[in-house]
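Student: need the 3D shape of this:
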Amino acid sequence: MALTEETMNDKIEVVQLAAGYPVIQVRTATIIKRDDVEISRNFHRRVVTPGDDFLAEPDADVMAIIQAVFTAEAQAAYAAQEVE
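Tutor: Numbering: from 1, shown residues only. Have a look, this model is predicted:
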């Protein structure tokens, strides 16, 4: 009987906020398997904002989305919201 654990980002969403900037929601699934049969699945969510230090983002898919949606305008809108 072999137990294995697998972690994967199974959902990545871009949400445009009314404040004028997007955020990225990342859902990570932790899957436990016994003899290659799934016996458990748990989820964890995190949010990436234009103000985060995302240069060390470990997931290439998330980084590609960051580069596409966190434009200079989005980062300026986020910074303006943080000042208020």
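Student: please, where are all the helices along this protein?
Tutor: Per DSSP state H, the chain carries helices over the ranges 60-69, 72-83.
Student: from residue 3, how far off is residue 32?
Tutor: 7 Å (C-beta to C-beta, to the nearest Å). From N, CA and C alone the C-beta is placed, and that goes for glycine too.
Student: neighbour count: these two, which is higher?
Tutor: Between residue 32 and residue 3, residue 32 has the larger neighbour count (other C-beta atoms under 10 Å), namely 13 against 10.
Student: low-confidence stretches in this structure?
Tutor: Residues of the chain that meet the criterion pLDDT under 70 lie in 84.
Student: any idea which residue sits dead centre in this structure?
Tutor: For the chain, the residue nearest the mean C-alpha position is residue 26 (2.7 Å; C-alpha atoms, centre = their mean).
Student: I figured it hits residue 10, correct?
Tutor: No - counting by C-beta atoms under 8 Å, residue 26 stays clear of residue 10, with 9.4 Å between them.
Student: please name the bridge partners of residue 41.
Tutor: Per DSSP bridges, the residues bridged to residue 41 are residue 31.
Student: likewise the one 4 residues further on?
Tutor: Residue 45 has the following beta-bridge partners by DSSP bridges: residue 27.
Student: tally up the residues packed near it, please.
Tutor: Neighbours of residue 45 using other C-beta under 10 Å come to 10.
Student: circling back: can you say which of the helices of the chain is nearest to residue 20?
Tutor: helix 72-83 (4.0 Å; C-beta to C-beta).
Student: that closest one: which residues count as buried?
Tutor: 74, 77-78 (16 or more other C-beta atoms under 10 Å).
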